[in-house]
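>>> sequence and predicted model, in that order:
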Amino acid sequence: MDLAQTEAGLLLLGALFLILGLGVWIGLGLLATGLVGVVALPMLMTGMASFPADKVLGSAVWGSLASWTLAALPLFIWMGEILFRTKLSDDMFRGLAPWVQWLPGRLMHVNVLGCGIFAAVSGSSAATTATIGKMSLPALTRRGYHQPMAIGSLAGAGTLGLLIPPSIVMIVYGVAAEVSIVRLFIAGLGPAMLLILLFSGYIVVWSLLNPKLVPPADPPMPMREKLRASGQLFPVLLLIGFVMGSIYFGWATATEAAAFGVAGALALSAWGGTLNRKSFAASLMGAVKLSCMINLILAGAAFLTKAMAYSGIPAAMATWVGSQGFSPFMIIAFLTVIYLLLGCFIDGISMIVLTASVVLPIIAQTGFDLIWFGIFIVLVVEMAQITPPVGFNLFVLQGLTGKGMMTVARNTMPFFALMVIAVALVTLFPEIVTWLPNTMMGS
């Protein structure tokens with residue numbers, strides 16, 4: 001990178017931190033920083049051509065939002081909002097509890113399995129943690145389970161909301177990186193199963209080492225009673241299977257499957273007696289608010305990306321990194337640290353759209369598969385969800401338990417370590433991510 005590009009990059013970075021530090025919304029902050037790049041940089045930097053800000057802004061915003069693929073985002077969010085207002089969390093605890101009594105750790109596995117199931121209908125880490133936690137934490141506490149372990153397992157498993165399809169973060173990355181969202185959804189299954197096994201495996205080992213901290217099992221339940229307790233859960237599982245199966249087997253695009261999911265969620269809500277004018281309006285408004293927030297961030301990021309492209313910063317950085325001879329593992333280790341640091345201050349979606357314009361050319365230069373890198377980013381963003389001081393799952397658990405932030409963070413550390421192991425495994429063995437999409441859809 002030459003001196004002018006370095007100065008331009010530092011100016012844009014300083015403007016971004018200044019604007020965000022003033023408390024401006026992230027989407028508007030990105031738009032304002034883009035204006036600095038298109039308007040101010042040509043005035044301050046000699047030899048840099050000026051550009052019509054209005055045309056650049058219009059084309060960037062339109063290009064980022066006029067996407068049929070992106071239409072899946074508000075639909076999946078609405079599906080999750082509808083089911084969030086049903087009795088799903090109650091049904092999930094009652095339905096899963098009888099089946100895990102034989103495992104060491106017993107009902108603490110409900111946190112892991114419940115979060116895995118609810119992640120498939122919410123796409124949000126915070127919503128998954130809050131929904132399962134409202135039901136499981138009081139129930140586990142009443143039965144005498146070790147509270148730090150219950151909190152830690154919920155915090156770790158709650159991050160599955162970002163990894164198990166339909167993941168909001170995956171859709172945002174797919175649009176930013178211009179890769180297949182269907183392939184991303186399929187690629188997320190292997191790492192998700194890996195995390196579930198790691199979390200449940202740790203609970204088993206911990207329980208065997210600390211048998212006095214695990215309450216005795218509930219009285220045995222006949223198979224008929226188990227099936228009856230799980231009866232309300234089966235329709236939701238069928239909906240998840242239909243929506244995801246229609247994507248995986250090519251029967252529908254992600255957007256079409258999202259529309260089927262909304263219709264199915266409305267039908268389940270009506271069948272369960274929770275669909276009325278108030279709940280319908282609340283779910284619709286919740287989906288609109290979150291979708292508008294994400295779209296504003298995407299529009300701002302697209303404009304900032306255009307501004308940075310005109311300055312030549314991303315291409316220059318990719319060329320510079322390629323010329324330094326860094327090994328792929330060094331680059332991945334560096335990016336892991338950067339994303340964890342960013343996760344202390346901003347949310348996962350903002351992390352991706354902020355860094356995409358600079359990081360993706362570097363990844364392309366070093367030869368990484370963009371599908372694999374998308375899952376890697378999601379895993380690291382998951383880790384950031386339980387990283388103080390701004391890990392969103394920590395805030396959710398602090399509100400649910402009344403514990404201090406550092407107490408909650410300390411309880412989650414074993415599960416954070418397990419996620420570090422998962423990141424290391426998918427880096428050393430990328431087939432964990434790439435095998436399933438390549439097998440189902442071809443290389």
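Here it is on my side, so go on. In this text, all values refer to a predicted model and were calculated from it rather than measured experimentally.
>>> tell me the buried residues in the helix or strand where Gly241 lies?
Assigned by DSSP states H and E, Gly241 belongs to helix 234-248. For helix 234-248, burial by neighbour count (16 or more other Cβ atoms under 10 Å) applies to 235-236, 239-240, 242-244, 246-248. No exception for glycine: its C-beta is placed from N, CA and C like everyone else's.
>>> try stretch 218-233
Using 16+ other Cβ under 10 Å as the test for burial, stretch 218-233 gives 226, 229-230, 232-233.
>>> can you lay out the residues you listed as JSON lines showing distance to Ala301 and secondary structure?
Output for the buried residues of stretch 218-233, formatted as JSON lines (distance: Cβ to Cβ, whole Å; DSSP: H, G, I helix; E, B strand; the rest coil):
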{"residue": "Lys226", "distance to Ala301": "48", "secondary structure": "helix"}
{"residue": "Ala229", "distance to Ala301": "46", "secondary structure": "helix"}
{"residue": "Ser230", "distance to Ala301": "43", "secondary structure": "coil"}
{"residue": "Gln232", "distance to Ala301": "41", "secondary structure": "coil"}
{"residue": "Leu233", "distance to Ala301": "38", "secondary structure": "coil"}
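>>> tell me the one among these nearest to Leu194.
Leu233 (23.9 Å; Cβ to Cβ).
>>> if you skip the residues just before and after it, what's nearest to the closest one?
Spatial nearest neighbour of Leu233, excluding adjacent residues (Cβ to Cβ, 6 or more residues apart in numbering): Gly95 at 3.6 Å.
>>> Gln147 reaches Ser136, doesn't it?
No. Checked against Cβ atoms under 8 Å, the pair Gln147 and Ser136 is beyond contact range at 11.6 Å.
>>> quick one: residues contacting Ala301.
30, 64, 176, 353-354, 356-357 (Cβ atoms under 8 Å, 6 or more residues apart in numbering).
>>> which of those residues tops the neighbour count?
Leu30 (28 neighbours; other Cβ atoms under 10 Å).
>>> identify the residues contacting it.
Contacts of Leu30 (Cβ under 8 Å, 6+ apart): 16, 297, 300-301, 303-304, 353-354.
>>> show me where the stretch 151-300 of the chain has helices.
160-163, 168-177, 181-187, 189-209, 223-229, 234-248, 254-271, 277-311 (DSSP state H, counting those that start in this stretch).
>>> point out the most buried one among these.
helix 160-163 (a mean of 28; mean count of other Cβ atoms under 10 Å).
>>> before we move on, back to that, looking at Gln147 and Ser136, which is more packed in?
Legend: neighbour count by other Cβ under 10 Å for Gln147 and Ser136, higher for Ser136 (27 against 14).
>>> leaving out the residues flanking it, which one is nearest to Ser200?
Ser200's closest residue in space is Val112 (Cβ to Cβ, 6+ apart), at 5.2 Å.
>>> which one among the contacts of Leu30 gets closest to Pro219?
Taking the contacts of Leu30 together and measuring to Pro219 by Cβ to Cβ, the closest member is Ile297, at 50.8 Å.
>>> pretty sure that closest one is touching Ile26, no?
Yes. Using Cβ under 8 Å, Ile297 is in contact with Ile26, at 5.6 Å.
>>> shared neighbours, those two?
Common contacts of Ile297 and Ile26 (Cβ under 8 Å, 6+ apart): Ser350.
>>> re earlier: with the buried residues of helix 234-248 in mind, which one is nearest to Val214?
Distances from Val214 to those, taken by Cβ to Cβ, are shortest for Val236, at 28.5 Å.
>>> burial of Val39, as a residue count?
Count around Val39 with other Cβ under 10 Å applied: 16.
>>> state the pLDDT value of it.
Per-residue pLDDT puts Val39 at 72.
>>> buried sites along the strand or helix carrying Ile352?
Element membership of Ile352, judged by DSSP H and E, is helix 348-366. Judged by neighbour count using 16+ other Cβ under 10 Å, the buried positions of helix 348-366 are 348-363, 365-366.
>>> tell me where the model's unsure across the stretch 251-400 of the chain.
For the stretch 251-400 of the chain, the stretches with pLDDT under 70 are 309-325, 344-347, 388-390.
>>> what helix or strand does Trp372 sit in?
Trp372 belongs to helix 370-385, assigned by DSSP H and E.
>>> right, and Leu296 touches Leu28 too?
Yes. Between Leu296 and Leu28 a contact is recorded at 7.2 Å, counting by Cβ under 8 Å.
>>> how about residues contacting the stretch of helix or strand Pro437 belongs to?
Using DSSP H and E, Pro437 sits in helix 431-441. Outside helix 431-441, the residues that touch it by Cβ under 8 Å, 6+ apart are 180, 182-183, 186-187, 189-191, 194, 248, 369, 371-372, 375-376, 425-426.
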